[in-house]
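# 3D model of this:
(chains A and B)
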2 protein chains.
Amino acid sequence: MRQFNAAVIGAQTLVGQEFIKLLEERAFPVNSLRLFASDHVPAGKKLFFKHQEITVQELLPQSFHDVDIAFFSSGPEVSRYFAPLAARNRTLVIDTSSYFRSDKEIPMVVPEVNIEDAKLHHGIISTPNCSTIQLAVVLCPLHKLNPIKRVIVDTYQSVSGKDAAAIEELNNQMKQVMDGQTAVIRVFPHQIAFNLLPEVDVFLDSGETREERKILEETRKILRSPEMAVSATCVWTPVFIGHSQAVHVEFTHPMPPEEARRILSAAPGVRLMDDTTVSIYPQPWTVAGTNECYVGRVRQDTSHRNGLAMWTVADNIRKGAALNAVQIAEEMIKREWLSPKG
Amino acid sequence: MRQFNAAVIGAQTLVGQEFIKLLEERAFPVNSLRLFASDHVPAGKKLFFKHQEITVQELLPQSFHDVDIAFFSSGPEVSRYFAPLAARNRTLVIDTSSYFRSDKEIPMVVPEVNIEDAKLHHGIISTPNCSTIQLAVVLCPLHKLNPIKRVIVDTYQSVSGKDAAAIEELNNQMKQVMDGQTAVIRVFPHQIAFNLLPEVDVFLDSGETREERKILEETRKILRSPEMAVSATCVWTPVFIGHSQAVHVEFTHPMPPEEARRILSAAPGVRLMDDTTVSIYPQPWTVAGTNECYVGRVRQDTSHRNGLAMWTVADNIRKGAALNAVQIAEEMIKREWLSPKG
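Numbers count the residues shown, from 1 in each chain, chains lettered A, B, ... in the order given. Sure thing, here's the model as predicted:
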């Protein structure tokens, strides 16, 4: 089997570290792995890959010379500057940042939804926002059989969706509150311990957050439904890993819950976890560290005859980011759409 | 001013203790206060009201003899048996349990919405579920001007909505998880610390929970809109006090966010807290212990031209239960609809 020279850009971010873990765990055909720092963190740190120490290097324009595939997890500014440079070096970029998602020339891919779009790349493939990935994986198999007209989704997002500092902040604040102290606020705009913050990413003039706007735009793009009505409210919850979503879908025709369950139980990347008689439904605490998009509480939406309500949970660092990008590369290799530079 | 002999049934529950606190804090015209145990907790405990010790008594059929007004916070079974007995003794019952809510003969009242219904009582007045109260207070002023056709609400509920044992469980589990131990599960069906559970109250055959069904039925009843389309997903979050809701409303005509803000800022019982330029929106941590229904994130719902999206938070023990009941009594006294037995 062909081996690839891989690189992780932003190796010290939560998503970067998950890339390293996944490339090892899934036996990705790695010839060499290079790790690059993001702009926030200095280079020099040593990380382990297959029991081998790798020093994190500074990312430079010439860094992509012998890299076949680069996984970007360093935010939009790094991707904006370095991804085109990499592509010009014939390095395939799989970018988890938001920078290229709205670019019509750049495919945005979730393997279970539109792997065929990956073939159309010109060196860069983007992946949707974590909330959109999880939503699209669950909606796609239903949408194919009964076109979706409207989706309302309210999210219950874990602090890991922000960054490692947010995890530390939740940890610290929990201790502070339990000790009767005032919570120290650094990363979030307000206390997150024992609290809820309906402010994921920045606010736009429309009153939406950018996260809510991303869900609208990216869901339409990836499901190729530019007219689909989408609305979201996105909320940080005091959970470490795993994004949850309450989803209300309006279809073209009625979608009986039993039919939806049958479709979802056979859908790629989806794990149906739905038995209310014994309190079985997905929960972020148990889903963290796993690979599927879990769905439960599948039932008639009582507000519309063609409606379906659901509850979904996925590991936002895995399927919501790193895993989805690695799966794109794996599927492309399997289909022989990707070769080492040679 | 006339003074009343008041009683709290279920004095040791979270809501019962809030009743005692509110009757003192709001200088309710109390002549005497009697406290009764719920069936779960033995009588005999001494509680304080205005620096005076009151022993919690066992509730008996003859307990209502000289009670003018009884606040019930002891669950549906106690209300089922004792509320009609009290009413037959000419004691006015204000019942926070679910038992009488669907009874067409018994008014269900939120003062800001339908205080005039309180006049129609035959000895018993019920109050809606905490989630419905908070929703109805915010929807009512909008609905009066532009009838609501459909509401989708996803809740982020605090553990105090279950009971005092649930607060203790969240506290204990937080310590256990922070200490690297396994969380001990007693009250909730699964771990609640750093987790989310889409199971508030029991599951019905339809796949809904009873809480979700209550929101549908009670919102229709209290807004006198039996045709209103309502759908809810209800979720326990690791928050102590304060229920939050992501609300998506479809009106008959467009409802510009500025107009909604203007209406809400003048609405009784509502506090508008909405300035995204400086991250101002309601949060359960700061709303706990206060009396209003707070609303923020007021914006166009992007999935419908007549749509409005909002985020609401209220103290579920106060406005969601005890305060709402005390306010009903206060308004009735002000209007001279309620007199001591004399």
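# got the contact list for stretch A:115-126?
A:83-84, A:86-88, A:90-97, A:99-101, A:103, A:105-109, A:111, A:328, A:331-332, A:335, A:337 (Cβ atoms under 8 Å, 6 or more residues apart in numbering or on different chains). All C-beta spots, glycine's among them, are computed from the backbone N, C-alpha and C.
# can you give me the end-to-end distance of it?
In stretch A:115-126, first residue to last residue: 12 Å (Cα to Cα, to the nearest Å).
# kindly report the same for stretch A:225-238.
Stretch A:225-238 end-to-end distance (Cα to Cα) = 33 Å.
# now do the buried residues in that stretch.
Under the neighbour-count criterion of 16 or more other Cβ atoms under 10 Å in any protein chain shown, stretch A:225-238 has A:S225, A:M228, A:A229, A:V230, A:S231, A:A232, A:T233, A:C234, A:V235, A:W236, A:T237, A:P238 buried.
# biggest separation within the residues you listed, which pair?
Greatest spacing in those, by Cβ to Cβ: A:S225 and A:P238 (34.0 Å).
# can I see the domain layout of chain A?
Listed by automatic domain parsing, the domain ranges of chain A are A:4-128+A:321-334, A:132-315.
# may I see the ChimeraX selection of the buried members of the contacts of stretch A:115-126?
Restricted to buried positions by 16+ other Cβ under 10 Å, the ChimeraX selection for these reads:
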select /A:83,86,87,91,92,93,94,95,96,97,99,100,101,106,107,108,109,111,328,331,332
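# which residues of chain A fall in strands?
Secondary structure of chain A (DSSP state E): strands located at A:4-9, A:30-36, A:46-49, A:52-55, A:69-72, A:92-95, A:124-126, A:148-156, A:229-233, A:243-251, A:270-272, A:293-300, A:307-314.
# can you redo those as JSON lines with mean pLDDT?
Listed next are the strands of chain A as JSON lines, based on pLDDT from 0 to 100:
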{"stretch": "strand A:4-9", "mean pLDDT": "98"}
{"stretch": "strand A:30-36", "mean pLDDT": "97"}
{"stretch": "strand A:46-49", "mean pLDDT": "94"}
{"stretch": "strand A:52-55", "mean pLDDT": "96"}
{"stretch": "strand A:69-72", "mean pLDDT": "98"}
{"stretch": "strand A:92-95", "mean pLDDT": "98"}
{"stretch": "strand A:124-126", "mean pLDDT": "98"}
{"stretch": "strand A:148-156", "mean pLDDT": "98"}
{"stretch": "strand A:229-233", "mean pLDDT": "98"}
{"stretch": "strand A:243-251", "mean pLDDT": "98"}
{"stretch": "strand A:270-272", "mean pLDDT": "98"}
{"stretch": "strand A:293-300", "mean pLDDT": "98"}
{"stretch": "strand A:307-314", "mean pLDDT": "98"}
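# which one of those strands lies closest to A:M178?
Each of these has some distance to A:M178 by Cβ to Cβ; the shortest is strand A:148-156, at 22.1 Å.
# ok, that closest one near chain B or not?
Yes - using Cβ under 8 Å from any Cβ of the partner chain, strand A:148-156 reaches chain B at A:R150, A:V151, A:I152, A:D154, A:Y156.
# residue of the stretch 1-150 of chain A with the smallest distance to chain B?
Using Cβ to the nearest Cβ, the closest approach of the stretch 1-150 of chain A to chain B is made by A:R150 at 5.2 Å.
# bridging residues for that residue?
A:A229, A:E250 (DSSP bridges).
# what of A:V270?
A:C293.
# check the gap between it and chain B for me.
17 Å (Cβ to the nearest Cβ, to the nearest Å).
# tell me who's in contact with that residue.
Listed by Cβ under 8 Å, 6+ apart, the contact partners of A:V270 are A:E112, A:V137, A:V138, A:P141, A:L264, A:E292, A:C293, A:Y294, A:V295.
# how does it look with 7 Å?
Applying Cβ atoms under 7 Å, 6 or more residues apart in numbering or on different chains, we find A:V270 in contact with A:V137, A:V138, A:L264, A:E292, A:C293, A:V295.
# mind putting those into CSV with neighbour count and distance to B:L196?
Converted to CSV, those look like this (neighbours: other Cβ atoms under 10 Å in any protein chain shown; distance: Cβ to Cβ, whole Å):
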residue, neighbour count, distance to B:L196
A:V137, 26, 19
A:V138, 27, 17
A:L264, 22, 20
A:E292, 20, 17
A:C293, 28, 16
A:V295, 28, 14
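# returning to that earlier point: which one of the domains of chain A lies nearest to B:A6?
domain A:132-315 (32.9 Å).
# and the closest one, how far from the chain's centre?
11 Å (Cα atoms, centre = their mean, to the nearest Å).
# same thing with stretch A:322-338?
For stretch A:322-338 - counting by Cα atoms, centre = their mean - the centre lies 15 Å from the chain centre.
# just the CA trace of that stretch, in CSV.
Presented in CSV, the C-alpha positions along stretch A:322-338 are these (Å, rounded to 0.1, in the frame of the first residue of the first chain):
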residue,chain,number,x,y,z
ALA,A,322,-10.2,15.8,12.9
LEU,A,323,-11.9,12.4,12.2
ASN,A,324,-14.0,13.9,9.3
ALA,A,325,-10.8,15.2,7.7
VAL,A,326,-8.9,11.9,8.1
GLN,A,327,-11.9,10.0,6.7
ILE,A,328,-11.9,12.3,3.6
ALA,A,329,-8.2,11.3,3.0
GLU,A,330,-8.9,7.6,3.6
GLU,A,331,-11.8,7.6,1.2
MET,A,332,-9.7,9.4,-1.5
ILE,A,333,-6.9,6.9,-1.1
LYS,A,334,-9.3,4.0,-1.3
ARG,A,335,-10.7,5.5,-4.6
GLU,A,336,-7.2,6.2,-5.8
TRP,A,337,-7.9,10.0,-6.0
LEU,A,338,-4.8,10.7,-4.0
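# sheet-wise, list the partners of the helix or strand of chain A with the lowest mean pLDDT with their directions.
The weakest-scoring helix or strand in chain A, judged by mean pLDDT, DSSP states H and E, is strand A:46-49 (a mean of 94). With DSSP bridges as the test, strand A:46-49 is paired with strand A:52-55 (antiparallel).
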